[in-house]
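Novice: coords please:
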Amino acid sequence: MSFEYYYNNVPGKGLCRNNLIYTSLISKDRKTFCQWYYNDEVYHQGQNKVVDQDLMIEKWSREVKFLTQMSQNFPNLVPNIEEIDYRNRKIYLKIDDNDFWEKSNHSFTNYNTTLPDWEDQMLEIFQAHKSLGIYKYSLHPSSYFIVKGQLKSINYFFCYDSYENGLTPQDVFSHISSDRLKKLYPLMESIDIIPSVYTTLDKIQELSFETFKSDFPVTTMEKAKKIYDV
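Specialist: Numbers count the residues shown, from 1 in each chain. Predicted structure coming up:
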């Protein structure tokens with residue numbers, strides 16, 4: 001099967017990498033998406049966020065762990081896993097053309113046209129995460145595909161188990177986009193998060209829902225917060 005780089009064609013910006021961590025690939029027939037946990041200089045165009053090999057391996061391990069957990073417990077909420085290539089750190093997922101964000105022309109004003117019940121489906125995904133004790137902080141709309149009318153979630157590299165308790169925000173800044181970091185600083189201050197201080201997973205989940213209010217309707221993120229009681 002032949003693959004090529006997968007980009008989002010963002011208005012005003014042109015072709016942009018689909019992901020900050022791994023290298024995104026798609027089959028020529030656009031039926032298989034590949035998460036390649038490799039720091040490809042050409043794909044990331046000098047804006048590489050994860051240049052440390054140990055961090056890349058950690059992100060790969062989290063992706064495999066939580067995606068597999070979701071696949072086993074809620075197989076309808078994630079793409080079918082065609083193959084996990086452990087040697088080359090590649091995950092092949094069954095999809096159906098472009099991601100949710102791309103299909104919506106990069107604006108949540110078009111989500112209802114793309115998938116009328118997208119909000120109910122997304123909240124179902126959040127509820128599944130909560131039931132499994134998963135805290136997922138990578139929520140960008142490009143982290144979802146639509147397959148036969150069903151919203152499918154990917155990008156589990158930025159997830160934590162409830163038993164992990166918490167983290168220090170500044171320790172993960174290295175793999176958050178500069179644009180999102182600009183939003184995070186005032187939001188952290190507004191909900192009493194100090195970047196250098198150990199913070200609970202619940203509090204980080206609240207921060208994540210707050211920062212993605214620029215990518216989803218505010219009402220949707222407020223409903224998500226209620227699922228996590230944050």
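Novice: wait, Cys34 touches Lys90, no?
Specialist: Yes - if you go by CB atoms under 8 Å, Cys34 and Lys90 touch, sitting 5.6 Å apart. In this view, the C-beta of every residue, glycine as well, is placed from N, C-alpha and C.
Novice: so in that sheet, which strands flank the helix or strand encompassing Ser24, and in what orientation?
Specialist: Element membership for Ser24 (DSSP states H and E) is strand 23-27. Note on strand 23-27: by DSSP bridges, its sheet partners are strand 3-5 (antiparallel), strand 32-36 (antiparallel).
Novice: can you pull out the helices in the protein?
Specialist: Listed in chain order, the helices of the chain (DSSP state H) span 41-44, 53-73, 100-103, 111-114, 118-131, 178-190, 201-211, 218-227.
Novice: can I get the longest one as CSV, trimmed to CA atoms?
Specialist: The C-alpha trace of helix 53-73 is given here as CSV (Å, rounded to 0.1, in the frame of the first residue of the first chain):
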residue,chain,number,x,y,z
GLN,A,53,13.9,10.3,21.4
ASP,A,54,12.9,9.2,24.9
LEU,A,55,9.9,11.6,24.9
MET,A,56,8.9,10.3,21.4
ILE,A,57,9.0,6.7,22.8
GLU,A,58,6.9,7.8,25.8
LYS,A,59,4.3,9.3,23.5
TRP,A,60,4.2,6.2,21.3
SER,A,61,3.7,4.0,24.4
ARG,A,62,0.8,6.1,25.6
GLU,A,63,-0.8,6.1,22.2
VAL,A,64,-0.6,2.3,22.0
LYS,A,65,-1.8,1.8,25.6
PHE,A,66,-4.8,4.1,25.5
LEU,A,67,-5.9,3.5,21.9
THR,A,68,-5.8,-0.2,22.5
GLN,A,69,-7.8,0.2,25.7
MET,A,70,-10.4,2.2,23.9
SER,A,71,-10.5,-0.4,21.1
GLN,A,72,-11.1,-3.2,23.5
ASN,A,73,-13.8,-1.4,25.6
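Novice: mind listing the residues bridging to Tyr7?
Specialist: Arg17.
Novice: and the gap between it and Lys90?
Specialist: 18 Å (CB to CB, to the nearest Å).
Novice: neighbour count winner among the two?
Specialist: Between Tyr7 and Lys90, counted using other CB atoms under 10 Å, the more crowded position is Lys90 (19 against 15).
Novice: give me every residue that touches the more buried one.
Specialist: Residues near Lys90 by CB atoms under 8 Å, 6 or more residues apart in numbering: Cys34, Gln35, Trp36, Tyr37, Glu83, Ile84.
Novice: that concludes my questions; thank you for your assistance.
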